[in-house]
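*Asks:* sequence? don't have it. structure:
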């Protein structure tokens, strides 16, 4: 993200919403779904995001020759659209996987914005710094009553038997993952059933495989959870391929 | 905050710290204390804020003829210093007081930034919108075990007998309030003892008076708490005067 943008100081206070889209040489992937979520997030913050204006700005971008990160940032005052390289470390995670730590979080307050993708990302960065300080690559938030929720910048997906699962966003009060939803809707072509269901951390540790899903990572396989190593899954390359990563 | 600033898109993600200083015709009030807190906040986020650079930028500002809001914003990449009018509604609260609702929050996670004044202010704005939707002006966060903590943009101060109290920031895991600290250190000249101590919500309701303290408000008296009206305190104008508001 090297291009500079002109903003009012009020736009620096995290009071807005954003989307990160996987920008491919053949165009932005799942753009309609991302724009729909941008509008839903803005509504949760009490303002309107114009999907039409964002779509027009994205359509005017020059094509990319290598996969890139497209960010659509909508503050209460203005819309910013930027394109940046995907960090090598993020692409590497598709092959190498990630070491994940779990961490409990308290019940959400009534004004919680957990279902919105807001610009107030300081706590998400802090959570990941904490995980790294403990020797992990990322962390998985677990509810106070023991259910796996989501990661600071990713949805959790797991395979158990022939079922590929993710956490139901409404029921869990988390962000609706765009990449995870696409994977679940496509996985029947790989002979798997896709479904949403709540899962305890304990149940999750017994899954055949676990991944973190997000637009830039695609899928990063969880190679250890709370310090316990996990066998690599033959499904990782197949599912990455299914999603075009 | 009308002046525009040039930023990198990464600076829009709430990953920085700030201070709001009461800018008076005779200069910025409690500037050293605010700069010290800015540096402490940045350290909690794992980066360095230059108090010297901020002080030099502030010193170069032209004097103001009316009280104003000075904001010192330090992202991970750059420093922004802005001056803006104080909204009439905020100044009005010094006279009219505020209706406050209490709301419980869960225990903080180990990566909590609650002690830092970060730019990830979306949840603070959301909390206040929630309070307003319930018929309040602001809200008071209460710990899961019943202790009063702080407000989204203010410290809580209360009077009981001849003792003027505020919540101990370290013990409570909250932001150290600059205005509240100054008030407690000065209040002996008004015949009051200043002290920090934990207080349950129940105890707080029995205080002689309650205020929210912050740089722009100075003090706003709590005129109702959870819908229960409170008698106005004769101390409000005296303490505002003591602080120069």
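*Replies:* Arrived safely. As the structure is a computational prediction, the values presented were derived from the model and not from experiment.
*Asks:* quick check, the lowest-mean-pLDDT helix or strand in chain A touching chain B?
*Replies:* Sorting the helices and strands of chain A by mean pLDDT, DSSP states H and E puts strand A:5-7 at the bottom, at a mean of 92. Yes - judged by C-beta under 8 Å from any C-beta of the partner chain, strand A:5-7 comes into contact with chain B through A:5, A:6, A:7. No exception for glycine: its C-beta is placed from N, CA and C like everyone else's.
*Asks:* That strand: what's the following helix or strand?
*Replies:* On the C-terminal side of strand A:5-7, the closest following helix or strand by DSSP states H and E is strand A:16-24.
*Asks:* quick one: average pLDDT of that following strand?
*Replies:* For strand A:16-24, mean pLDDT rounds to 98.
*Asks:* So which elements touch it?
*Replies:* Packing contacts for strand A:16-24, counted by 3 or more C-beta pairs under 8 Å, 6 or more residues apart in numbering or on different chains; DSSP states H and E, involve helix A:31-44, strand A:68-75.
*Asks:* let's see 10 Å
*Replies:* Judged by 3 or more C-beta pairs under 10 Å, 6 or more residues apart in numbering or on different chains; DSSP states H and E, the packing partners of strand A:16-24 are strand A:27-28, helix A:31-44, helix A:51-59, strand A:68-75, strand A:79-85, helix A:178-186.
*Asks:* from those, which stretch is densest packed?
*Replies:* Ranked by mean neighbour count, the helices and strands packed on strand A:16-24 are led by strand A:68-75 with a mean of 23 (mean count of other C-beta atoms under 10 Å in any protein chain shown).
*Asks:* Just want the angle from that one to helix A:51-59.
*Replies:* If you take axes from the mean of the first three to the mean of the last three C-alpha atoms, to 10 degrees, strand A:68-75 sits at 150 degrees to helix A:51-59.
*Asks:* Neighbouring strands - and their directions - for strand A:68-75?
*Replies:* Strand A:68-75 has the following strand partners under DSSP bridges: strand A:16-24 (antiparallel), strand A:79-85 (antiparallel).
*Asks:* now the angle from the shortest one to helix A:31-44?
*Replies:* Meaning strand A:79-85. If you take the same axes, to 10 degrees, strand A:79-85 sits at 130 degrees to helix A:31-44.
*Asks:* and residue A:195, how many neighbours?
*Replies:* Per other C-beta atoms under 10 Å in any protein chain shown, the neighbour tally for residue A:195 reads 12.
*Asks:* Bridged to it, which residues?
*Replies:* Going by DSSP bridges, residue A:195 forms beta bridges with residue A:165.
*Asks:* Could you find the closest non-adjacent residue to residue A:191?
*Replies:* Of all residues not flanking residue A:191 in the chain, residue A:162 sits nearest, at 6.9 Å (C-beta to C-beta, 6 or more residues apart in numbering or on different chains).
*Asks:* wait, doesn't residue A:15 sit right on residue B:128?
*Replies:* No - Residue A:15 is beyond contact range of residue B:128, at 11.2 Å (criterion: C-beta atoms under 10 Å).
*Asks:* quick check, residue A:94 in a strand?
*Replies:* No - assignment of residue A:94 by DSSP: H, G, I helix; E, B strand; the rest coil gives helix, placing it outside any strand.
*Asks:* Burial check on it, number of neighbours?
*Replies:* Neighbour tally, residue A:94, other C-beta under 10 Å: 18.
*Asks:* Same question for the one 4 residues further on.
*Replies:* In terms of burial, residue A:98 registers 23 neighbours under the definition other C-beta under 10 Å.
*Asks:* The closest residue in space to it that isn't next to it in sequence: how many residues sit nearby?
*Replies:* Spatially, and ignoring its direct neighbours in sequence, residue A:98 is nearest to residue A:137 (4.0 Å; C-beta to C-beta, 6+ apart). Using other C-beta under 10 Å, residue A:137 has 20 neighbouring residues.
*Asks:* Dihedrals phi and psi, residue A:137?
*Replies:* With angles defined as degrees, to the nearest 10, residue A:137 sits at phi -100, psi -30.
*Asks:* any idea how far it is from chain B?
*Replies:* Distance, residue A:137 to chain B, by C-beta to the nearest C-beta, to the nearest Å: 15 Å.
*Asks:* Just give the number of residues close to the residue in chain A that chain B sits nearest to.
*Replies:* As assessed by C-beta to the nearest C-beta, chain B sits closest to residue A:106 within chain A, at 1.8 Å. Applying other C-beta under 10 Å, we find 14 residues neighbouring residue A:106.
*Asks:* Can you give me every residue that contacts it?
*Replies:* By C-beta atoms under 10 Å, 6 or more residues apart in numbering or on different chains, the contact set of residue A:106 is A:143, A:144, B:104, B:105, B:106, B:107, B:108, B:109, B:144.
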